[in-house]
Structures are given as structure tokens and as C-alpha cells.
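K.L.:
Here you go, sequence then predicted model.
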Protein chains: 2
Amino acid sequence: MSASLTTTFDIEFPLFAFSHCRDVVAAVSRNGGFGVLGAVELTPEELRVELDWIVAHTNGRPFGLDLIVPNKVEGRGEQISDEAMIARIPDEHREFAAAVLDAQGIDAGDLDERRKGQLTFHHNVSGDKTDAMLAVAAEYPIALLVNALGVPPPEMFDFARRHNIKVGALVGTVNHALNQARAGVDVLIAAGGEAGGHCGAVSTMVLIPEVCRALHQHNLEVPVLAAGGIATGEQMAAAMAMGAEGAWCGSVWLTTVEAETTPTVKAKMLQASASDTVRAKSRTGKPSRQLRSVWTDAWERVDAPAPLPMPLQGLVSEPALKKVDAAAAAGHRGAEALATYWVGQAVGLMNEERSVADVMMEFKNEYLEAFQRVERFLVGVGE
Amino acid sequence: MSASLTTTFDIEFPLFAFSHCRDVVAAVSRNGGFGVLGAVELTPEELRVELDWIVAHTNGRPFGLDLIVPNKVEGRGEQISDEAMIARIPDEHREFAAAVLDAQGIDAGDLDERRKGQLTFHHNVSGDKTDAMLAVAAEYPIALLVNALGVPPPEMFDFARRHNIKVGALVGTVNHALNQARAGVDVLIAAGGEAGGHCGAVSTMVLIPEVCRALHQHNLEVPVLAAGGIATGEQMAAAMAMGAEGAWCGSVWLTTVEAETTPTVKAKMLQASASDTVRAKSRTGKPSRQLRSVWTDAWERVDAPAPLPMPLQGLVSEPALKKVDAAAAAGHRGAEALATYWVGQAVGLMNEERSVADVMMEFKNEYLEAFQRVERFLVGVGE
């Protein structure tokens, strides 16, 4: 694929936005970028509602859909009831989570009851509902289908080819990138370890040139989107300098006016520096980067239980953190201290609430300024 | 300081090279960059020998000197004998190090004896020898004096001002950068967590714009060198795009023809990907990034003793690893598996042995190509 991504996707500016919030997805696409809806927390019925809304609010501009179908998941391929899955959580983990909430004055008595409402993620990542999700997706003009963990399963490729949809995949190492390129993905999203959510350990600054060089050496002409830490136009220019064809950003949208981020977490993010995140398995069972809080600090303690495999660890953390969010919204101080969400080190560059349109405009201005800075030093290379 | 670093230091290309190897330092300065000698392992007498050689081999081109005078060190300010310092190492650490060597078939019986030769680093980082080192430095045309950990002590500032030498400091967070700028450093080296050797946790991609923006907001006009993960010209262009005035590289020189890296470690580095490093306290007592090996893996095990404070942990690791290097040089397979050295994730971009002059030439070519890539996307920002 030698055409630029702006041509392939008929967009103005190769800024791709990952968001669970339909308002952000639509606003990015309306403003010349490419919005991608993260759908792992949605049932097929909920997905339909979100896609209806997005189609009605993008003025015909293109958008994408991101599912997570990882290769290794607890209970994958087993017929296992929701109750049996919940029963697999060890008492040690239940009790530790409850104790962390108790210590901040939050009653944790109903966490087991709340776990029953948290199985959507499980059904999606286990692949149980992949066919149903794709059946809904087939009814909408989706231009890009992304799998966030591992090589997309064959049914995802087949579906995409049949519907003329491009397939993207997130990678965190050069070997994963080569495997995905050979498997046939159309767009590689190379995500550095500074990214929010699930991430590897290699930094964006190294991963982008390492992946671009390796693809070139192996004659694999797959365009690369740079992800991980990028929240400004000068960073996007830096990524393009290193061979990326565009940027894929998630964190930067979390503090926009349009985002559904809770007021407590949004305020914390606007205050945070890049040092205020932690990469840990304690939220989902796989390493993911989150805003540091009393909750994440607790799971870093030496007496904390070792994280369970996905999706069990999420059944420990999500009900607790949903309860925390509700209490924080009501002004509970302990809950405010516990509140957290996935975010990358780019949080240090997110210092004021802005509209999505303003973020996009600033990206363009900063890109131009960055170009001029690179140009200023050309004399040193003999130009 | 608003002049560019090329003007300030009278160099052609703002590529700064940190190396413990005088050949690399001199070759970088001769080829239009700026070499900086890492002197923490040297006695004042050894420093004199190295500086004599560098002056004789740089054709009058400028160079710098890097010392480590950290703020927190075990035994700092105490009058403590070498024997007493060695005696502070717990048996658990002696025995663990010996067991790791034993398991690879290396006799570890003489490690205690070997520790006595490892006190130079201790005397340097404890500040005991700072005056003596600076007295030697005063006799040479040093253009930049760098402190690698923490705010340079007042005697270093006084000395530099008296001798018209610029002062540089490495920083890993935005707060450290602001503190150093307020303390009066002339050049900030902002080093991301992907860097080799001592490093923080914030990535270069985020740290550079975060530091540059914070300095600007506080009206602190201190030029920033970008460090951490940079081994190519497109990464240097990326750093300049984000506001850096140049790059500071250490790892890339380790696989040059001129480097003193052992053949075993050099061969491992040329094969390694960016995933083959680990950031751990097990070598010096502070987090430092190294090539993964059987040695570093052992110290990551759950049964490994917790790292001691600097410089005690170095008295555990250095004699063992010096012994490993000697055995590896003699073809011992177990020693080859144990051998390691500090290196950043940039190791994934170091795939062939080249001369320093070739590395510098390629940096310039890659910088120009990177500029052209950034230019190609300008149409997307309305230019």
C-alpha cells in the first residue's frame, strides 16, 4: 500500500483518534481526522446505538471500529457460565480489593453482586460475541477495523475483505509488527510503552524507527501510525520524521469538552505530569498504563496479590472502580483519592480542557512550527 | 542563552556524544560533533592521562567532561575506609552474586578480594575526589562540565564560572528540569527512560516537549539536548521537531569500531532488539538500563535480594561482571551468557559495527531525509 493514509481514507490530516466516546469519534472525523470507536465494553445492541449516532453526526466523513480479540484469554473456547467465571476469582483478590476501598471509607459489601454486570468485556475478549459484533458492524460504513491485542483472527480478516474494510492492528515490538504485516494487516499502529491502556515496554522514540526500518528491510510496505505519548502536533511531526504516516492518539481526547471522563479524573489528568502514570497488570491482567492513584499504589505494594489473567483481574478491578467513580461524583474524598483511568504519559501535556476541534487545530499549528524547527538546523547537515 | 548550541560551542552539528572511551570522544569532536568523556570510573591521575590523549587527538575541537556527584549516596560525608565500606555488603548479596556465577560454571571465590579494586567509583560519587578531579580538569580546555545525577554541587558551578566552562545536567522529569534551570545550568540534557545507564521513567517522546514547554512557560531560556533512545538522524530530527536544540547519545557509540566494548557484548548488542534491555537497580543501586542477560535476569527473580544503595550494589555487581568479561573473552560459554553492559533501547537500531565518522555522516543524511518526510505532510496542515 503506497498511497498515503490521507488518500486511502480520504481524510485531510492523518490524525487517528481512539475513543470509547462517540462524541469524540464523530468530532475528530468531522474535523478532518479519523475517529475510531473502542467497542470492547459494548454489547452488539449497544454497538448499534453508538454507530447509528456516529453515522448521524459525521456528515459522511469516515470512521473506524476497534475490538479486542486477544490470543490468550482465561476461559477462551470453554463454555463457561458468568457465575462460574466470577467463582474463579480467589478470595485473596476479593478481600484485597474490598480492603482498599474500606480503607478509604467506601463500603465494599456489594462488589460480588456488581461483578455480574461486568461480563460484557469478557464476552467480547473471549471471542464469544465477535460474530455478533461484526454482524452489526456490517450494516455501517466502517472504513477501518482494528484489533488491539495480537494478530486479528481469520474471521476478522475475512469479514473486512468482504466488506472492503481496511484492517489495523496495534503492535508494541518489532517482531509483532513483522508478524502482523505478514498476516496481511493494512495499517500497523506501533504503540510505545508510554501509551495509555495496554502497552508494551519499548518507547515510541525507538519503536517507530525500529519498525519502519524492519518493514523496509523485509519489503513489507505497510503504513505505520505512531502511538504512545503523542498529544501535540510537534510530537506528530516527530513521529513522521521517523517514518510514521500519521499518529494514533487516545489519551489527548480524555480531557476534551466532548469526553465522558468523570469530572474527578479529568481534573486529576489536567494536573498530572508525565511521572503520574503507572504501567501495571492490576487493572486487566495484562500490562496497561493508568493514572496513579491510591488504588494503583495499593496494587503496587509488596503485600498485594499477583494479578490474575484477563478477564479475571478486570472482574476484580472494574466493579470496585465503578463504585469509586460513583462515590467520587458525590464528593467522597476517599473515592477521589482512589479514582483512576487509563492514560498515557502524554497526560503531562494535557493541561487545559479544550474542544476536539481546538485540539485538531493546535495539532496542525504545532506541526507547522515543528517543521520550521527541523528546517532551522538544516545548515548543520550541509544544506 | 538564546544562541544555538552550534554557536555556543563552535561545532558544526549539535550531536553530543557521551562515552567512557577517549577514542570515541575525540572522533566525535573531530567530525563536527561534541564528545564528552564519562570520568566516574577514573582516578585524578587516570583522568589526566585521558585528557592529555584527547587534547592530542581533537585538532583543537571542543570537548566536555561528565562526572557523577549525586545528592544521595551511602557513606556520603562520612570518613569511611575502603574495608569498612566493603564490610557493609550483606552476606545475602555476596552469596547471591557468587551463586549466579557458580551456576554458569565460573568460580566466584575471589570476588571479595576483587572488590578492593572497585572503590574509584565510590570515591568519585561520594564527592571525596571532586576537588582533585576538578583540579585536573582546570588544566585542560574543557568546554562543558556535566553532572549526571542531581543538581551540580556549588563547587562545580564555582569552578565552571571561574574557568568559563558551561555546566550541563541530566534530568528525567519536568520538575528536575525546572530545578536545574533555576539553579543555573547552561544546558539541560533531558533523558527519557529508554536511555542506557541511569534513567528515569518518562519517555523521550513525552519528556522533551514537556520540558521545553515548561521552561518556556517559566521564562527559563535554557537549551535542551534530547537523550534516551536516540541512535539515528531521523530520531535527532524528531527531537528537534519537539523543541530540542540537539541530541545527546551514549549507546550508539558502544558498537562503533573505536569503542572499547568487549567483543562478546558488542556482538550481543548488534543482535539485540529494543526489547532486549531491562531497567533495574541491580547494577548500581539506582535504576539503570542494561542489556538483558543471564545476570540481569537472575536479579529480576523473586528470590533475588533487594538492591543495596549506591555505591554498595556496585561493589556487588562490578567485580562479578569484570570477572565475567574476562572469562567471556577467553571463550567461556557461561560467561558469554552472563555478560552485559549499560545500553538503551536504541540497541535495537544498532545493527552493524561502523566507525564514529560513518555514524556521524549517517546522522546527517538521515536528518535530511527526516526533514523531507515532515515536509511532505505539510499539505495536511493547510500549507
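P.N.:
Looks like it came in fine. Residues are numbered from 1 along each chain as shown, chains lettered A, B, ... in the order given.

K.L.:
for chain A, which spans come out with low pLDDT?
P.N.:
By pLDDT under 70, the weakly predicted segments of chain A are A:1-3, A:69-78, A:125, A:380, A:382-383.

K.L.:
Check which helices and strands the longest helix seen in chain A sits against.
P.N.:
Determined from DSSP state H, the single longest helix within chain A is helix A:356-376. Applying 3 or more C-beta pairs under 8 Å, 6 or more residues apart in numbering or on different chains; DSSP states H and E, one finds that helix A:356-376 makes contact with strand A:15-19, helix A:22-30, helix A:233-241, helix B:233-241, helix B:356-376. To be clear about C-beta, it is placed using only N, CA and C from the backbone, and glycine gets the same treatment.

K.L.:
closest one to A:Ala339 among those?
P.N.:
strand A:15-19 (19.3 Å; C-beta to C-beta).

K.L.:
now that closest one against helix A:233-241, angle please.
P.N.:
Per axes from the mean of the first three to the mean of the last three C-alpha atoms, to 10 degrees, the angle that strand A:15-19 makes with helix A:233-241 is 110 degrees.

K.L.:
Verify the contact between A:Thr296 and A:Gln290 for me.
P.N.:
Yes: A:Thr296 is within contact range of A:Gln290, at 5.6 Å (criterion: C-beta atoms under 8 Å).

K.L.:
Figure out which of the helices and strands packed on helix A:356-376 is closest to B:Gln104.
P.N.:
Of those, nearest to B:Gln104 by C-beta to C-beta is helix B:356-376, at 33.3 Å.

K.L.:
Kindly export the closest one (C-alpha atoms) in PDB.
P.N.:
Once non-C-alpha atoms are left out, helix B:356-376 reads as follows in PDB (Å, rounded to 0.1, in the frame of the first residue of the first chain):
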ATOM      1  CA  VAL B 356      32.300   7.100  14.500                       C
ATOM      2  CA  ALA B 357      32.800   9.100  11.300                       C
ATOM      3  CA  ASP B 358      30.300   6.900   9.500                       C
ATOM      4  CA  VAL B 359      27.800   7.200  12.300                       C
ATOM      5  CA  MET B 360      28.100  11.000  12.200                       C
ATOM      6  CA  MET B 361      27.700  11.100   8.400                       C
ATOM      7  CA  GLU B 362      24.600   8.800   8.500                       C
ATOM      8  CA  PHE B 363      23.100  11.000  11.200                       C
ATOM      9  CA  LYS B 364      23.300  14.000   8.800                       C
ATOM     10  CA  ASN B 365      21.900  12.100   5.900                       C
ATOM     11  CA  GLU B 366      19.000  10.700   8.000                       C
ATOM     12  CA  TYR B 367      18.300  14.100   9.400                       C
ATOM     13  CA  LEU B 368      17.800  15.500   5.900                       C
ATOM     14  CA  GLU B 369      15.600  12.500   4.900                       C
ATOM     15  CA  ALA B 370      13.500  13.100   8.000                       C
ATOM     16  CA  PHE B 371      13.100  16.800   7.200                       C
ATOM     17  CA  GLN B 372      11.800  15.800   3.800                       C
ATOM     18  CA  ARG B 373       9.300  13.400   5.300                       C
ATOM     19  CA  VAL B 374       7.900  16.100   7.600                       C
ATOM     20  CA  GLU B 375       7.700  18.500   4.700                       C
ATOM     21  CA  ARG B 376       5.700  16.000   2.600                       C
END
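
K.L.:
Show residues contacting that helix.
P.N.:
A:237, A:240-243, A:370-371, A:374-375, A:377-378, A:380-383, B:13, B:15, B:17, B:23-24, B:27-28, B:31-33, B:232-234, B:236-238, B:241, B:252-253, B:256-258, B:354 (C-beta atoms under 8 Å, 6 or more residues apart in numbering or on different chains).

K.L.:
what about whichever residue of the stretch 51-200 of chain A sits closest to chain B, which SS state?
P.N.:
Using C-beta to the nearest C-beta, the closest approach of the stretch 51-200 of chain A to chain B is made by A:Glu194 at 4.0 Å. With DSSP: H, G, I helix; E, B strand; the rest coil as the basis, the three-state label of A:Glu194 is coil.

K.L.:
That one touches A:Gly344, doesn't it?
P.N.:
Yes: between A:Glu194 and A:Gly344 there is a contact under C-beta under 8 Å: 5.4 Å.

K.L.:
Could you tell me which residues touch both of those two?
P.N.:
With C-beta under 8 Å, 6+ apart as the test, A:Glu194 and A:Gly344 both reach A:Gly228, A:Gly229, A:Arg289, B:Val206.

K.L.:
ok, these vs A:Gly127, which is closest?
P.N.:
Using C-beta to C-beta, those come closest to A:Gly127 at A:Arg289, 24.9 Å.

K.L.:
Next up, the contacts around the closest residue to A:Gly228 other than its chain neighbours.
P.N.:
Take A:Gly228 and drop its neighbours on the chain: the residue closest to it by C-beta to C-beta, 6 or more residues apart in numbering or on different chains is A:Gly192, 2.9 Å away. Contacts for A:Gly192 (C-beta under 8 Å, 6+ apart) come out as A:172, A:199-200, A:202-208, A:226-229, B:203, B:205.

K.L.:
switch to 6 Å and redo it
P.N.:
With contact taken as C-beta atoms under 6 Å, 6 or more residues apart in numbering or on different chains, A:Gly192 is in contact with A:Ser203, A:Thr204, A:Leu207, A:Gly228, A:Gly229.

K.L.:
Identify each of the strands in chain A and give its residue range.
P.N.:
A:15-19, A:34-38, A:63-67, A:144-147, A:166-171, A:187-191, A:197-198, A:224-227, A:246-249, A:277-280, A:288-291 (DSSP state E).

K.L.:
Tell me which of those strands approaches B:Arg301 most closely.
P.N.:
Closest approach to B:Arg301 among the strands of chain A (C-beta to C-beta): strand A:277-280, 19.4 Å.

K.L.:
partners of the closest one in the sheet?
P.N.:
Neighbouring strands of strand A:277-280 in its sheet, by DSSP bridges, are strand A:288-291 (antiparallel).
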